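Novice: pasted the sequence and its predicted model underneath.
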Amino acid sequence: METVEQCIREHLSSQPNQLTKFLSEEFCKSDIAVIEELLPLHLKDALHHEANELLEASARRRDLMLDATGGTPRAYASVDRDTIFKTGNIIKTVFESEAVRQYLSRIAGETLHKVPYQAEEYIINSQEKSGDTHGWHWDDYTFALIWVVQAPDHLNGGRVEYVAATEWDKKNPRKALCDVLASREVRSRYINSGSCYLMRANTTLHRVAPLMGNTRRTVIVFTYASEADLTDPNISHETMEQIYADELQAA
């Protein structure tokens, strides 16, 4: 019987080289690339189904402001990494996939590694109320892969907004945030359900715009490290420690 890893590897080996080259060029130019066919359809459906089941069973509401990112808001329901690990299956299997990491490495132009901090490996977030947002922030590690399980209505917010090639000044995050937003163009993208996008997330200031009206945006977030991240003493985890304080304390 074919394993999940064999299925993913076979699927990715069938992707046209021209498509992979296009995605790599897009990522090099803008630090974000939208990928439509990273998984075969049956595995994508299983991934989405598991995310929705875990949200239904285990989601916890997060409503807070994060000083580490300049006082920006987080307002959504979420499932933490350990809950997914203990009660899920396909999400952690896809995260562990060498074939996925190798393909993403081709797009990024450098090797992606599993992050050395388990709490950031994978989480599920769902904006589900009017006003829900994942406010402006930078990530701790270089790469984020975001699977869009459910996209919001096109006219009701939830777009990805971002400014590439920026720097998170952890000593004065509010000033860094305001300086970027005052001087740089903010780009915006709508990502369809069923797609995923790779982002250079530690130097791309980004947010998910607030929802408006009766709609929902559900995602699975995978985090990967660059080679440099593995030995960077400046990486810290203030945002995760604040958002998931109860779960991390329990663990």
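Specialist: Okay, I see it.
Novice: can you report how many residues lie near the nearest residue to residue 137 once chain neighbours are set aside?
Specialist: Among residues not flanking residue 137 along the chain, residue 69 sits closest, at 4.1 Å (Cβ to Cβ, 6 or more residues apart in numbering). For every residue, glycine as well, the C-beta is placed using N, CA and C. Residue 69: 24 surrounding residues under other Cβ atoms under 10 Å.
Novice: buried sites along stretch 222-239?
Specialist: 222-226, 229, 235, 239 (16 or more other Cβ atoms under 10 Å).
Novice: typed the wrong thing, it's stretch 118-134
Specialist: Buried, per 16+ other Cβ under 10 Å, within stretch 118-134: 119-129, 132-134.
Novice: doesn't residue 77 make contact with residue 61?
Specialist: Yes: between residue 61 and residue 77 there is a contact under Cβ atoms under 8 Å: 5.4 Å.
Novice: quick revisit: ok, of the buried residues of stretch 118-134, which one's closest to residue 73?
Specialist: residue 133 (5.8 Å; Cβ to Cβ).
Novice: for that closest one, give me the pLDDT.
Specialist: Listed pLDDT for residue 133 reads 98.
Novice: what's the answer for residue 1, then?
Specialist: So residue 1 comes in at 66 (pLDDT).
Novice: got it, and the one 4 residues further on?
Specialist: Reading off the confidence values, residue 5 has pLDDT 97.
Novice: quick one: the strands in the protein?
Specialist: Under the criterion DSSP state E, the chain carries strands at the ranges 32-35, 60-66, 72-79, 113-114, 122-127, 133-137, 143-150, 160-163, 187-189, 196-200, 205-208, 217-225.
Novice: show the average pLDDT along stretch 140-147.
Specialist: Rounded mean pLDDT across stretch 140-147 is 98.
Novice: got the buried residues for it?
Specialist: 140-147.
Novice: any chance of those residues in TSV, plus distance to residue 205?
Specialist: Shown next, in TSV, are the buried residues of stretch 140-147 (distance: Cβ to Cβ, whole Å):
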residue	distance to residue 205
140	14
141	15
142	14
143	15
144	13
145	18
146	15
147	21
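Novice: what residues does stretch 189-202 touch?
Specialist: Residues outside stretch 189-202 that contact it (Cβ atoms under 8 Å, 6 or more residues apart in numbering): 27, 31-36, 38, 44, 48, 104, 107-108, 138-151, 154, 159-160, 162, 164, 168, 206, 223, 229.
Novice: look up the closest residue to residue 193, ignoring the ones flanking it.
Specialist: Going by Cβ to Cβ, 6+ apart, residue 193 has residue 151 as its nearest residue, at 4.3 Å.
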